[in-house]
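Engineer: What shape does this take:
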Amino acid sequence: MRALATLLPLCLFIALAVTADLRLRRIPNAVNLAGFACGICFSIARSGSSGIAASLLGSVVGLSILLVPFLLHMVGGGDVKFLAAAGAIVGWRALSWSFLLGAFLGGLFAVAALTARHRSLAGAHRTLVLLVSGAWPTADPANEAQAVPIPYAVPLSIGLLVATGLITFARGA
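Structural biologist: Next comes the predicted model:
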């Protein structure tokens, strides 16, 4: 029953966020706020007043994980708020593993997007070499046409579902 109390709100939140990210290329504040509120409410229902602290800590961890990439213009603000809201639902322990898996998958999505954009592995390889060598152009509105947007809610959501599912069922909840 406890597993359902975590996975049900998470699945609903993810469905809304991923749909919005794929259709609108952004995650609206209303979706993130609803996810955050849902996480707080379900945490209170599961654990009482101690659930509030766990939920808020998960939210702060989610916010802090993507804050620096947001400031470097690597992810959008909706992605930061998405991870903070997800942290309110799953807590900080599951969020850490979720993010690691989501970031790995996001890297794979980025390589796939670069390959599709350059229409060859060689073109994607040149771009990745520039990135690794530090010659990647800085965030500049003039270079925005060169950006390869990735709906980051998708890999983050896969990471959230896999890690939270494994952790929840491993605890026998």
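Engineer: In the chain, what helix or strand scores lowest on average pLDDT?
Structural biologist: Within the chain, no helix or strand scores below helix 121-133, which has a mean of 65 by mean pLDDT, DSSP states H and E.
Engineer: Now the element after that helix, going C-ward?
Structural biologist: On the C-terminal side of helix 121-133, the nearest following helix or strand under DSSP states H and E is helix 153-170.
Engineer: Show me what counts as buried in the lengthiest helix in the chain.
Structural biologist: The single longest helix within the chain, with elements called by DSSP state H, is helix 92-118. Of the residues in helix 92-118, 92, 94-99, 101-103, 105-106, 109-110, 114-115 count as buried by neighbour count, 16 or more other Cβ atoms under 10 Å. From N, CA and C alone the C-beta is placed, and that goes for glycine too.
Engineer: Not counting sequence-adjacent ones, nearest residue to residue 152?
Structural biologist: Nearest non-adjacent residue to residue 152, counting by Cβ to Cβ, 6 or more residues apart in numbering: residue 79, 4.7 Å away.
Engineer: what about the one you found, helix or strand, and which?
Structural biologist: Applying DSSP H and E, one finds residue 79 within helix 77-90.
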